[in-house]
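[1] The following block contains a protein sequence and its predicted model.
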Amino acid sequence: MWRILCGIVVLAAIVNPLAETRGVRRRRAVKLQLDNYLSYDGIMEYLDQLARSYSSRVTLKNVGRTYEKRVLKVAMITNGDGRPGKRVIFLDAALHSREWMTPAAALLTIHKLVVEFEENSDLLADFDWHIMPLANPDGYVYSRNTDRYWRNTRTPNGGNCFGTNLNRNFAVDWKVGFSQLEDPCDENYAGSAPFSEVEARTVRDIMHILVDSQRAVMYLSLHTANRSVFYPWVYNTAPVSNQKEHDEIGRFVADRIRQSTGTFIKTWQYAKFDGTFGGTSMDYALLAGFPLSFVFEMSGVGQDQVEYKFFPPARDIRHLAEESWTGIRAFAEKAIEKYPPSRVIAYKQMVEPPNNAASRIRGFSSLVCILFIYLTNVFGSNSL
Ligand SMILES: [Zn+2]
């Protein structure tokens, strides 16, 4: 008996350092490249590598295929303790394809949670993360290769017009707000129907799965480059029921970033900032049952203080991604603090998306439209 036990101890002593060595080798192999903007293939390759090397903590799921047949992937990240049913932070990036910094920040977030797990394990103790680093790959490839300002999907709309703005395609006051939402040649085109785009349907389905399984806590959608934290509503100027909570979290994030890099981030209920319109994923998430929903408009200002907006030079990618991670970490810390497992979340049935109210609101929104255009001119924004 003792001989067997001793044998096991000796074996473990031999095997364990080997496992450690393998671990170190694995870590060296999975390097996140932030010296240049990654291609679609580069992003997919990084995710595949990571899932292979950290299979106990990362599961990749193919959740859909785009119009041009590219795979939509979600990285589901845990701390590997095997406890099912944890609450979830759902993060997506690049709904708008020209916002090149957002996949970089999403990938850095994945990297921090997986490769730099020890430093960030507090964010995974009671929460899992589901991250979709490239929500609009067709648009991203087109933006990288053909027309860098391309914002939409690549679905044909008839004639010579292509693409739908995914952040106008969700079933919340769809097509309500301003005239360009109905123009199939405009970058604000809301699509041929609510959820006409597979990318929007995919994000919607993830939201509903998380709410139905009572795991949904925070939806965080990355955009650039307004240097803002936005919270709902966009379609309505009424306050959300937990407005104070949203506002507090937004200010916490802004403070953390300012202390870290000096960048000034504003916190707004979107409708108060830039007028009302329909179709956004952020509004839909809250209506679907997420208690918290945000857009984080990351900075596009380089270290030379130049406003590069969507396309900061390659030398600034790492710095801006790290700054965004500082913000994303702050979002998560506060969400976890506000929604510990001990706090019961009353998940309701989905509030009927207010599309039926469209005609009622349309008259009002044409007035708002004037204000919207005015504010857009003043702030030069509307990148949500
Ligand atoms: Zn955007």
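    That came through, no problem.
[2] Isn't Ala75 up against Ile110?
    Yes. In terms of Cβ atoms under 8 Å, Ala75 counts as a neighbour of Ile110; the distance is 5.4 Å. Quick note: C-beta positions are derived from backbone N, CA and C, even for glycine.
[3] neighbour-wise, which of these two wins?
    Remark: of Ala75 and Ile110, Ala75 carries more neighbours, 24 against 21, as counted by other Cβ atoms under 10 Å.
[4] Now do the contacts for the closest residue to Arg154 other than its chain neighbours.
    Ranked by Cβ to Cβ, 6 or more residues apart in numbering and with sequence neighbours excluded, the top spatial neighbour of Arg154 is Asp138, at 4.1 Å. If a contact means Cβ atoms under 8 Å, 6 or more residues apart in numbering, then Asp138 has 66-68, 70, 97, 153-154 as its contacts.
[5] again, only this time at 7 Å
    For Asp138, the contact set (Cβ atoms under 7 Å, 6 or more residues apart in numbering) comprises 66-68, 70, 153-154.
[6] okay if I get those residues as CSV plus secondary structure and pLDDT?
    Conversion of the contacts of Asp138 to CSV gives the following (DSSP: H, G, I helix; E, B strand; the rest coil; pLDDT from 0 to 100):
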residue, secondary structure, pLDDT
Thr66, coil, 98
Tyr67, coil, 98
Glu68, coil, 98
Arg70, coil, 98
Thr153, coil, 98
Arg154, coil, 98
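[7] how about those, which pair is most distant?
    Longest distance between any two of the contacts of Asp138 is 10.9 Å, between Arg70 and Thr153; criterion Cβ to Cβ.
[8] between those two, which one's more packed in?
    Comparing Arg70 with Thr153 by neighbour count (other Cβ under 10 Å), the higher total belongs to Thr153, at 29 against 20.
[9] The more buried one contacts Asn167, correct?
    No. With contacts counted by Cβ atoms under 7 Å, Thr153 stays clear of Asn167, the gap being 11.0 Å.
[10] thinking again about what came up before, is it fair to say the residue nearest to Arg154 lies in a helix?
    Yes. Counting by DSSP: H, G, I helix; E, B strand; the rest coil, Asp138 falls inside a helix.
[11] The ion versus that one, what's the distance?
    Separation of Asp138 from the ion (Cβ to the ion, to the nearest Å) stands at 16 Å.
[12] where's that residue relative to Ser56, distance?
    Computed as Cβ to Cβ, to the nearest Å, the Asp138 to Ser56 distance reads 33 Å.
[13] confidence score at Leu181?
    Here, the pLDDT recorded for Leu181 equals 97.
[14] Now for it: which residues touch it?
    The contact partners of Leu181, taken as Cβ under 7 Å, 6+ apart, are 168, 175, 188-190, 277.
[15] interface residues of the stretch 151-300 of the chain facing the ion?
    His223 (Cβ under 5 Å from the ion).
[16] where does Asp92 land in three-state SS?
    Using three-state DSSP, the structure places Asp92 in strand.
[17] Let me know the pLDDT of it.
    Here, the pLDDT recorded for Asp92 equals 98.
[18] Quickly list what it is bridged to.
    With DSSP bridges as the criterion, the beta-bridge partners of Asp92 are Met132, Ser221.
[19] In this protein, which residue is most central in space?
    The residue lying closest to the centre of the chain (Cα atoms, centre = their mean) is Asp92, at 2.3 Å.
[20] Look up how far Asp186 lies from it.
    Applying Cβ to Cβ, the value for Asp92 to Asp186 is 23 Å.
[21] Val58 now?
    Counting by Cβ to Cβ, the gap from Val58 to Asp186 is 39 Å.
[22] So which of these two has more stuff around it?
    With other Cβ under 10 Å as the criterion, Val58 and Asp186 differ in neighbour count, and Val58 comes out ahead with 22 against 17.
[23] how much space between that one and Leu124?
    Plainly put, Val58 is 11 Å away from Leu124 if you go by Cβ to Cβ.
[24] any common contacting residues for the two?
    Shared between the contact lists of Val58 and Leu124 (criterion: Cβ under 7 Å, 6+ apart) are residues Ile77.
[25] Check which residues of the helix or strand harbouring Phe331 are buried.
    Secondary structure assignment for Phe331, by DSSP states H and E: helix 317-338. Within helix 317-338, the residues that qualify as buried are 317, 319-321, 323-336, 338, counting by 16 or more other Cβ atoms under 10 Å.
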